[in-house]
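Chemist: could you look at this predicted model? Sequence included:
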Amino acid sequence: MAKPIGDKPAAKLLARKLKRVEVATALGVTTRTLRNWSAAPDFIRRLERERERLERAEADGARPRVSSRGRGGQPLRRPRGACRRSPSAGDSFAAAS
C-alpha cells in the first residue's frame with residue numbers, strides 16, 4: 001500500500017501544535033484525510049519522533065526549521081478567499097469633507 005505524500009509534513013506541522021484545519025489547508029488536503037493519517041501507526045510514531053526532536057531542539061536553545069513547502073515541494077497555498085490585496089487610491093475610507 002502506497003503511503004500518502006503529505007503525511008510526513010503533516011506530522012511536522014502537527015508537532016508544532018498547529019490546528020488541524022491549518023495543517024490541512026497548508027497541505028491541500030481535508031481534515032478527514034488528517035484524521036485518517038492520524039489513525040495509522042506509522043504516522044503516530046512519526047508524530048512522536050517529531051515532538052521529541054522539537055523538545056530536544058528547545059532544550060538545546062536551537063530554533064527548529066520550518067518548511068515553507070507543501071506536498072510535492074510546492075509552495076504552501078493560502079486558503080480560498082484569503083488573497084492579499086494591496087489598497088489602491090480608490091479604496092480610501094476617509095470621510096469626505
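Modeler: Looks like it came in fine.
Chemist: going forward, measure contacts between C-alpha atoms and count neighbours the same way
Modeler: Fine.
Chemist: this structure: helices as residue ranges?
Modeler: Taking DSSP state H as the criterion, the chain carries its helices at 7-15, 20-27, 31-38, 41-60.
Chemist: what are the contacting residues of the last one?
Modeler: What that stands for is helix 41-60. 7, 8, 11, 12, 14, 15, 16, 37, 38, 63, 64 (C-alpha atoms under 8 Å, 6 or more residues apart in numbering).
Chemist: so the first one sits right up against residue 37, yeah?
Modeler: Yes - proximity of residue 7 to residue 37 meets the contact threshold set by C-alpha atoms under 8 Å, at 6.6 Å.
Chemist: which single one of the contacts of helix 41-60 is nearest to residue 29?
Modeler: Nearest to residue 29 out of the contacts of helix 41-60 is residue 7 (C-alpha to C-alpha; 10.2 Å).
Chemist: and the contacts of helix 41-60, which two are furthest apart?
Modeler: 37 and 63, at 26.9 Å, using C-alpha to C-alpha across these.
Chemist: okay, these two: which has more neighbours?
Modeler: residue 37 (20 against 10; other C-alpha atoms under 10 Å).
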